[in-house]
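Chemist: got a predicted structure plus its sequence, pasted below:
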Amino acid sequence: MTYDDSNVFAKILRGELPCHKVYEDDETFAFLDIMPRADGHTLVIPKTSAMNIFDVDTETLCTTIKTVQRLAPVIRNAMKADGLLIQQFNEEAAGQTVFHVHFHIIPRWAEVALKPHAGDMGDSETLAANSEKIIAALEAA
Ligand code: AMP
């Protein structure tokens, strides 16, 4: 299988699909997961085309994880989370559904159960409110 630039994240990067963007720099882009496993569930992607761990170049992977690390404390503070789950899926058998490499940043609270992966669509008002919280925390950081 080779990279298919009709995947949803490529479309988001090209501005062909809307998203709740929280962060962007020259190499990476971050936005809320449309089917959040928890409030503030954020996806971090490189702007470079790669499917997953098997074809991404090391420099791109490092740049992307740097953005994950930069956003992690911001998202934890913005969402008042007790912790964060960082997830990254490779190939369908492992649960990957979008074939543009990405990291999930999922806020966790001690008493709140994790929702299923790629389960129910998030409510758009809640997604918008959560993206605003993260953007405000980023501006204040
Ligand atoms: P994975 O299964 O690791 O490939 O994760 C793909 C993630 O993308 C899932 O958690 C989906 O909920 C999420 N997703 C799919 N379509 C969109 C979209 N248009 N905007 C934001 N997130 C999306």
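Modeler: Perfect, I can see it now.

Chemist: let me know the pLDDT of the nearest residue to residue 83 once chain neighbours are set aside.
Modeler: Closest residue to residue 83 apart from its sequence neighbours, by CB to CB, 6 or more residues apart in numbering: residue 108 at 4.7 Å. C-beta coordinates here come from the backbone N, C-alpha and C atoms, glycine included. With respect to pLDDT, residue 108 scores 98.

Chemist: against residue 140, how distant is residue 43?
Modeler: Noted for residue 43: a distance of 22 Å to residue 140, by CB to CB, to the nearest Å.

Chemist: comparing those two, which shows the higher neighbour count?
Modeler: Set side by side, residue 43 and residue 140 show more neighbours around residue 43, with 23 against 9, by other CB atoms under 10 Å.

Chemist: what's opposite the more buried one in the beta bridge?
Modeler: Per DSSP bridges, the residues bridged to residue 43 are residue 31, residue 104.

Chemist: wait, what's in contact with it?
Modeler: By CB atoms under 8 Å, 6 or more residues apart in numbering, the contact list for residue 43 reads 9, 30-33, 102-105.

Chemist: would you convert those residues into a markdown table that also reports pLDDT, neighbour count and distance to residue 1?
Modeler: Formatted as a markdown table, the contacts of residue 43 follow (pLDDT from 0 to 100; neighbours: other CB atoms under 10 Å; distance: CB to CB, whole Å):
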| residue | pLDDT | neighbour count | distance to residue 1 |
| --- | --- | --- | --- |
| 9 | 98 | 21 | 16 |
| 30 | 98 | 28 | 25 |
| 31 | 98 | 23 | 24 |
| 32 | 98 | 22 | 27 |
| 33 | 98 | 21 | 23 |
| 102 | 98 | 24 | 16 |
| 103 | 98 | 21 | 20 |
| 104 | 98 | 20 | 21 |
| 105 | 98 | 28 | 26 |
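
Chemist: what's the per-residue pLDDT of the residue nearest to the spatial centre of the chain here?
Modeler: With distances taken as CA atoms, centre = their mean, the residue of the chain nearest its centroid is residue 43 (0.3 Å). Residue 43 carries a pLDDT value of 98.
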